[in-house]
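Participant: Model the structure of this input:
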Amino acid sequence: MIYKKDSYVSGSMCDTKLKLSLLSAGGIVENAVTELMGDLGIDGIVAKEKYQAMWVINKNKITFLRRPVWRETFTVTCFISHFSVVRLNLDTLVHGENGELLMKARTELAAIGIEDFKIRRISSVGFTEDMAHPAKDESMAFLPFPASTDKIDETLTVRSTSLDYCYHTNNLEYVRFVLATYTGDYFRTHEPQQMEVSYHTQSFEGETLTLEKQETENGDVFFIKRDGAPVTDCRLKWEAEV
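Facilitator: Here you go, the predicted model:
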């Protein structure tokens, strides 16, 4: 099964350039993944109620070819592109009205038991091989992150408005933390090329997190930690506008 939806860039999805914001792009990808899993009958609600498990996003990588602008229409497609014994990779493609590829993403999911928090075989939570549409795109392979220096640049507090329905910090909230380290002028003079996020564990309301930022040849790298232990890593690649 391939999920497909037609949409457009609404005002609430825009950044200061009236282009699709990075947070909204992340939302499009997560919604497509969620809707596809629902159509397949193996979404988080089914996993919880039928299999006593929950799906978690391990990694997410989005490549921007051209960000659509306010009121521009686009089509979202999403499908399972790869799988292993304990992992699912879902690819999300966003095409413009004329068929132009605007954005592509790869999301890695795993299922864990609700009571023991151990990784489950995906076949134990309803996945069958005929649900997949194998696809090769080496450009979407997940990349390793550099080593952290343990340098603290900012301290963050998880607030109630950062939580999702499981009372964990929402995945996109970490992206918001990272984006807040840039100035408005930087956004005005740069365009995002790629965003990659790796999730290690959950954080909860009231917890204090630390953020480290490194500027590397492969983009800006961020490490979000709790008591020195990794919570989320993020890499953002930008291109300076002429």
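
Participant: use CA for all of it now, contacts and neighbours both
Facilitator: Will do.

Participant: what sits against Tyr51?
Facilitator: By Cα atoms under 8 Å, 6 or more residues apart in numbering, the residues touching Tyr51 are 124-125.

Participant: likewise Asp233?
Facilitator: 145, 197-199, 221-224.

Participant: Adding neighbour count and secondary structure, write the residues you listed out as JSON lines.
Facilitator: Listed next are these as JSON lines, based on neighbours: other Cα atoms under 10 Å; DSSP: H, G, I helix; E, B strand; the rest coil:
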{"residue": "Phe145", "neighbour count": "16", "secondary structure": "coil"}
{"residue": "Val197", "neighbour count": "25", "secondary structure": "strand"}
{"residue": "Ser198", "neighbour count": "24", "secondary structure": "strand"}
{"residue": "Tyr199", "neighbour count": "18", "secondary structure": "strand"}
{"residue": "Val221", "neighbour count": "23", "secondary structure": "strand"}
{"residue": "Phe222", "neighbour count": "24", "secondary structure": "strand"}
{"residue": "Phe223", "neighbour count": "27", "secondary structure": "strand"}
{"residue": "Ile224", "neighbour count": "25", "secondary structure": "strand"}
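
Participant: Would you mind listing the two of these that lie farthest apart?
Facilitator: Tyr199 and Val221 (13.7 Å; Cα to Cα).

Participant: which residue sits closest to Ser162, ignoring its sequence neighbours?
Facilitator: Thr169 (5.4 Å; Cα to Cα, 6 or more residues apart in numbering).

Participant: Check which helix or strand the most centrally placed residue in the chain maps to.
Facilitator: Nearest to the mean C-alpha position of the chain, by Cα atoms, centre = their mean, lies Asn60 at 3.9 Å. Assigned by DSSP states H and E, Asn60 falls within strand 53-64.

Participant: just how off-centre is that strand within its chain?
Facilitator: Distance, stretch centre to chain centre, for strand 53-64: 5 Å (Cα atoms, centre = their mean, to the nearest Å).

Participant: okay, the helix or strand just after it in CSV with CA atoms only?
Facilitator: Once strand 53-64 ends, the next helix or strand along the chain (criterion: DSSP H and E) is strand 73-83. In CSV, the C-alpha atoms belonging to strand 73-83 read as follows (Å, rounded to 0.1, in the frame of the first residue of the first chain):
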residue,chain,number,x,y,z
THR,A,73,-0.1,22.8,-3.9
PHE,A,74,1.8,19.5,-3.5
THR,A,75,1.2,15.8,-3.3
VAL,A,76,2.6,13.6,-0.5
THR,A,77,3.2,9.9,-1.0
CYS,A,78,4.6,7.5,1.7
PHE,A,79,5.5,3.8,1.6
ILE,A,80,7.6,1.2,3.4
SER,A,81,10.8,1.1,1.5
HIS,A,82,13.0,-1.2,3.7
PHE,A,83,12.6,-3.6,6.6
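
Participant: For strand 73-83, enumerate the helices and strands it packs against.
Facilitator: Applying 3 or more Cα pairs under 8 Å, 6 or more residues apart in numbering; DSSP states H and E, we find strand 73-83 packed against strand 3-8, helix 22-40, strand 88-96.

Participant: and of the ones you listed, who's closest to Ala180?
Facilitator: Of those, nearest to Ala180 by Cα to Cα is helix 22-40, at 11.6 Å.
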